[in-house]
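*Asks:* Sequence first, predicted model second:
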Amino acid sequence: MSEQWTSESESEDDVIVETDEETDVKEEVKEKVEEEVKELPKEKPEKKKVGRPRKPKVVKEKKKPSEAQLQALARGRAKRDAGRLERKTTRKKQLEEKVVKKAINLKKREVLEEAILVFSSEDEMDDLELQAVKRAVAKRKSKKNNPPKQVKNDYEEPQYVFY
């Protein structure tokens, strides 16, 4: 036991010997692999095409547009951009007008409410001015409170009697 194993202790005469069992296993593996290769589906042969052969597709290069076509295209694009800009500005103007109208309506409402308060506190007001303010306020209230009128149908559905 005092002798330890080292690479120097191996002699050059050592030879690896295969046993019969190892060779049998290798042969069996080779046979299995060969059988599996035989079982793999083979590629299908190409079918013969019937009739005359088709013409190959010819890829044509794009024609370059002429100067007149390029100018027309530029004019069309300029017209499109001008239309877009015009629509955009009109939309902005419409929104601004809408906001201004809304502000005017709010201001009128505030003025009317203030006038009502002032008229109710002062006794020496003209009856005509007081009535005008009251009518305006009444109209606004009636518009808010009253739902739209429903249309009456003169047509009555017939009653069916089944025996």
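*Replies:* Sure thing, it's come through. Bear in mind that the values here come from a model prediction, so they are computed numbers and not experimental data. Residues are numbered from 1 along each chain as shown.

*Asks:* Can you name every helix or strand that the longest helix anywhere in the chain contacts?
*Replies:* The longest helix of the chain (DSSP state H) is helix 67-121. With contacts taken as 3 or more CB pairs under 8 Å, 6 or more residues apart in numbering; DSSP states H and E, helix 67-121 sits against helix 127-145. For the C-beta atoms, the positions are set from N, CA and C on the backbone; glycine is no exception.

*Asks:* Now the helix it packs on: average pLDDT?
*Replies:* Averaged across helix 127-145, the pLDDT comes to 70.

*Asks:* helices and strands of the protein: which one bottoms out on pLDDT?
*Replies:* For the chain, counting by mean pLDDT, DSSP states H and E, helix 127-145 ranks last in confidence among helices and strands (a mean of 70).

*Asks:* returning to what we had before: and the longest helix of the chain, what's its mean pLDDT?
*Replies:* What helix 67-121 shows for mean pLDDT is 90.

*Asks:* just stretch 37-54 next, same as before
*Replies:* Mean predicted confidence for stretch 37-54 is 76.

*Asks:* Can I get that stretch as PDB, trimmed to CA atoms?
*Replies:* This file holds the C-alpha atoms of stretch 37-54, laid out as PDB (Å, rounded to 0.1, in the frame of the first residue of the first chain):
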ATOM      1  CA  VAL A  37     -32.600   5.300 -40.500                       C
ATOM      2  CA  LYS A  38     -34.400   2.900 -42.700                       C
ATOM      3  CA  GLU A  39     -37.700   3.700 -41.000                       C
ATOM      4  CA  LEU A  40     -37.400   7.400 -41.600                       C
ATOM      5  CA  PRO A  41     -39.700   8.600 -44.300                       C
ATOM      6  CA  LYS A  42     -38.000   9.100 -47.600                       C
ATOM      7  CA  GLU A  43     -38.400  12.200 -49.600                       C
ATOM      8  CA  LYS A  44     -41.100  12.100 -52.100                       C
ATOM      9  CA  PRO A  45     -40.000  12.200 -55.700                       C
ATOM     10  CA  GLU A  46     -41.000  15.300 -57.600                       C
ATOM     11  CA  LYS A  47     -44.000  15.000 -59.800                       C
ATOM     12  CA  LYS A  48     -43.600  15.400 -63.400                       C
ATOM     13  CA  LYS A  49     -45.300  18.600 -64.500                       C
ATOM     14  CA  VAL A  50     -47.800  18.200 -67.300                       C
ATOM     15  CA  GLY A  51     -48.200  20.600 -70.100                       C
ATOM     16  CA  ARG A  52     -45.900  23.300 -71.300                       C
ATOM     17  CA  PRO A  53     -43.600  25.000 -68.700                       C
ATOM     18  CA  ARG A  54     -44.700  28.300 -67.300                       C
END
